[in-house]
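> Need coordinates for the following:
(chains A and B, ligands or ions: 2)
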Amino acid sequence: MPLLDSHPPRTPVAARRLVLAHVSATYVEDGQTLTALDDLSLSVTDGEFVALIGPSGCGKSTLLDIISGLYTPSAGDIRLDGETTTTASRLGRTAYMRQRDLLMPWRSALDNAALALEVHGTPRRRARTLARARFAEFGLVGFEDAYPAQLSGGMRQRVAFLRTVLAERPLLLLDEPFGALDALSRVGLQTWLLDRWEAAAQPTRQAVLLVTHDVDEAIFLADRVVVLTPRPGRIAHIEPIDLLRPRRREMVTSAPFLAHRATLLAALGLLPSTPDPAVSTP
Amino acid sequence: MTVTSRREVGDRIGRWLWPALVLLALLAAWETAVRLADTPRWMLPPPTAVAAALRDDRALLLPNAWVTLQEILLGFALALLAGLLTGVAIDSSRTIERALYPLIIASQTIPLVALAPILLIWFGYGLLPKVLVTALVAFFPLAVNTVDGLHAADGETLALLRSLGASPGQRFRLVKLPSALPHLFTGARIAITFSVVGAVFGELVGASAGLGYLMERAGAQFQTARVFAAIVLLALIGVTLFASVALLERLLLPWRRHVTRE
Ligand SMILES: Nc1ncnc2c1ncn2[C@@H]1O[C@H](COP(=O)(O)OP(=O)(O)OP(=O)(O)O)[C@@H](O)[C@H]1O
Ligand SMILES: [Mg+2]
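Ligands and ions are numbered 1, 2, ... in the order given. Prediction:
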């Protein structure tokens, strides 16, 4: 069974899963208009893993809210699988994992994982059976009946991730899925996510749009890394990553990896050529 | 989780033992004081006399207790239904909230003492006016806690449900209702104790049966031991109902026992 499988593609292989054209977003608060995203165009093809990095507050979560249908952009077109969409028509089309794990404290791990299936109309008993079948693969066996308060941070993230995967949508939107974790669990879960995603058969693999603050995580996981500018978010740089798949942890010290990292840090404005900020800051 | 430690067993015993000991000591002090001072029985009967009244008057006490219990349960059920519907309506629309909520709060300043005689005029001496008084006092904590509980539903979790394509009905059933339940139970625990007071109050204003009615009659005839016997039964009803609500809460919300870590 493929691990991160999805519905068979309705469009030819390598078709555009997601196309964003000239998307802008604003928030109005106390009469003040705040531009969060400004004229952003981007596309994600079938089975592609795209990472989005940018400074805090540049509009990354806003972008995922827009793609999932939770927020209406002030301008721009969004196509999913070639179809033009509206905000309302995008609801339920993507599998969105938000920054917080959002597990429901009154549902067991199993029932939390089965949530998306239940919402999509699978009878509860069948939804639980389907979710239970994936617990081993997500390293959660034995915790089916545990409540979220009884799980560790890493386990909670994995339950939230399983819930997202079980939504079985062709596009995964992941907003800092490992952001709340310590460095060690973080590396563990990255490798684990990568293994699962790379093991899925190419034509049915879900496309992923991953938001992260972590440059290394972006390079390690993604086919392309998109760098956004500080607010209002625009595309500052797109970096195709030429590391072979399957990726291995050792690659993080390889020359191409370090070269990507230097380029990306510079694009983020974190690596100015001169002078060294650590020395010159007052 | 399932392991019952010695400490836990000790806690459980202590929870019952200490109040029981205090109660026994109070009863003993009462008995001794009344006997030593030779207080007349019509003024303050000793606990043993109350126990005797409970035994001897049971043919009178139990049917009246049953009437009062019915009033309490019917009134509480009516308040629960009305409180839930009002809470859901207030939560569903800002306009309804603005229109209704202040009125509900303001209604709490009306003394029920003023309403009970009117209900008596409208509905007579039967069960109905007592059920209504009971429902009136129990309504407020139920409605307000329902509103608070529904409002407490996490906005991001609701957004997650929307992103999954959930209908408003699904969002209510899967997020709002479970979030509201702990608050609703808080309201129910308050409301059930209010209900006991409400039913007795309704009976005191005018009734032909019930423990409140019995107390008033017995009081007028200086059968003070019987009044105390009725009070004991009322306390038993109150404690049993409260414990039932608490037990139901434990059974329906098993996850609540695990949230302390957060
Ligand atoms: N609901 C809202 N109302 C008003 N302003 C908002 C709202 N949500 C976000 N913003 C503003 O929009 C900008 C972009 O927010 P967003 O959450 O998309 O940033 P982000 O890139 O995800 O940041 P982070 O990396 O810290 O999660 C921020 O300046 C934020 O203050
Ligand atoms: Mg964010």
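> For the residue nearest to the spatial centre of chain B, which non-adjacent residue is spatially closest?
In chain B, the centroid-proximal residue (Cα atoms, centre = their mean) is B:Ile192; its distance is 1.4 Å. Distances taken as Cβ to Cβ, 6 or more residues apart in numbering or on different chains put B:Leu241 closest to B:Ile192, at 4.8 Å, once the chain neighbours are dropped. Using the backbone N, CA and C atoms, a C-beta is placed for each residue, glycine as well.
> List the contacts of that neighbour.
Contact analysis of B:Leu241 by Cβ atoms under 8 Å, 6 or more residues apart in numbering or on different chains lists B:72, B:192-193, B:195-196.
> which of those residues come close to ligand 1?
Here nothing survives when the contacts of B:Leu241 are matched to ligand 1 using Cβ under 6 Å from any ligand atom.
> Which members of those are the farthest-apart pair?
Across those, the longest distance by Cβ to Cβ is 10.1 Å; it joins B:Ile72 and B:Thr193.
> So which of these two has more stuff around it?
B:Ile72 (27 against 18; other Cβ atoms under 10 Å in any protein chain shown).
> what about the more buried one, which helix or strand?
Per DSSP states H and E: B:Ile72 is located in helix B:58-92.
> tell me which residues of that helix are tucked away?
B:60-61, B:64-65, B:67-76, B:78-80, B:82-84, B:86-91 (16 or more other Cβ atoms under 10 Å in any protein chain shown).
> same deal with stretch B:97-110?
For stretch B:97-110, by 16+ other Cβ under 10 Å, it's B:100, B:104.
> starting at the chain centroid, how far to that stretch?
22 Å (Cα atoms, centre = their mean, to the nearest Å).
> which SS class is the residue nearest to B:Ile192?
helix (DSSP: H, G, I helix; E, B strand; the rest coil).
> ditto for B:Pro141
Assigned by three-state DSSP, the conformation of B:Pro141 is helix.
> buried ones in stretch A:140-155?
For stretch A:140-155, a neighbour-count test (16+ other Cβ under 10 Å) marks A:140, A:143, A:146-151, A:154-155 as buried.
> What residues sit buried inside stretch B:153-163?
Under 16+ other Cβ under 10 Å, the buried positions of stretch B:153-163 are B:153, B:157-163.
> How far off centre is it?
Distance of stretch B:153-163 from its chain centroid, counting by Cα atoms, centre = their mean, is 34 Å.
> For ligand 1, what's its nearest residue on the stretch 101-250 of chain A.
A:Arg231 (5.2 Å; Cβ to the nearest ligand atom).
> does that residue count as helix, strand or coil?
Using three-state DSSP, the secondary structure recorded for A:Arg231 is coil.
> Just to check, it is in contact with A:Gly59?
Yes: in this structure, A:Arg231 is within contact of A:Gly59 by Cβ atoms under 8 Å, at 6.3 Å.
> Touching both of these two, which residues are there?
Jointly contacting A:Arg231 and A:Gly59 under the rule Cβ under 8 Å, 6+ apart are A:Ala36.
> When those two are compared, which one has more neighbours?
Between A:Arg231 and A:Gly59, counted using other Cβ under 10 Å, A:Gly59 has the larger neighbour count: 29 against 18.
> Next, the contact list for the more buried one, please.
With contact taken as Cβ under 8 Å, 6+ apart, A:Gly59 is in contact with A:25, A:36-37, A:228, A:231-233.
> need those in CSV with pLDDT and distance to A:Asp81, can you?
Shown next, in CSV, are the contacts of A:Gly59 (pLDDT from 0 to 100; distance: Cβ to Cβ, whole Å):
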residue, pLDDT, distance to A:Asp81
A:Ala25, 96, 22
A:Ala36, 94, 26
A:Leu37, 95, 22
A:Leu228, 95, 24
A:Arg231, 86, 30
A:Pro232, 90, 28
A:Gly233, 91, 25
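> now, the most widely separated pair of those residues?
The largest separation in the contacts of A:Gly59, counting by Cβ to Cβ, is between A:Ala25 and A:Leu228 at 12.3 Å.
> Between those two, which has more neighbouring residues?
More crowded of A:Ala25 and A:Leu228, by other Cβ under 10 Å: A:Leu228, with 26 against 23.
> A:Ile53 is in contact with the more buried one, correct?
Yes: the criterion here is Cβ under 8 Å, and A:Leu228 meets it with A:Ile53 at 7.1 Å.
> Quick check: which ranges of the stretch 1-150 of chain B have low pLDDT?
B:1-6 (pLDDT under 70).
> So which residues of it form strands?
Taking DSSP state E, counting those that start in this stretch as the test, none of the stretch 1-150 of chain B falls into strands.
> Is A:Asp38 in a helix, a strand, or coil?
A:Asp38, by the three-state scheme (three-state DSSP), is strand.
> Would you map the helices across the chain?
All of this refers to chain A. Remark: helices assigned in chain A by DSSP state H are A:60-68, A:87-90, A:109-113, A:115-119, A:124-133, A:153-166, A:183-199, A:215-221, A:255-267, A:277-280.
> ah, no, chain B please
With DSSP H as the criterion, chain B has helices spanning B:6-37, B:47-56, B:58-92, B:94-107, B:112-123, B:127-151, B:155-163, B:168-171, B:177-205, B:211-220, B:224-252.
> B:Ala180: how many residues sit nearby?
25.
> so what's it closest to, chain neighbours aside?
Of all residues not flanking B:Ala180 in the chain, B:Gly149 sits nearest, at 3.0 Å (Cβ to Cβ, 6+ apart).
> which residues sit in contact with A:Ala267?
With contact set as Cβ under 8 Å, 6+ apart, A:Ala267 has these partners: A:227, A:236-237, A:239.
> which residue sits closest to it in space, ignoring its chain neighbours?
Leaving aside its sequence neighbours, A:Ala267 sits nearest to A:His237 (Cβ to Cβ, 6+ apart; 3.8 Å).
> and whatever residue of chain A ends up closest to chain B, what pLDDT?
Closest to chain B within chain A is A:Gly92: 2.1 Å, counting by Cβ to the nearest Cβ. pLDDT for A:Gly92: 92.
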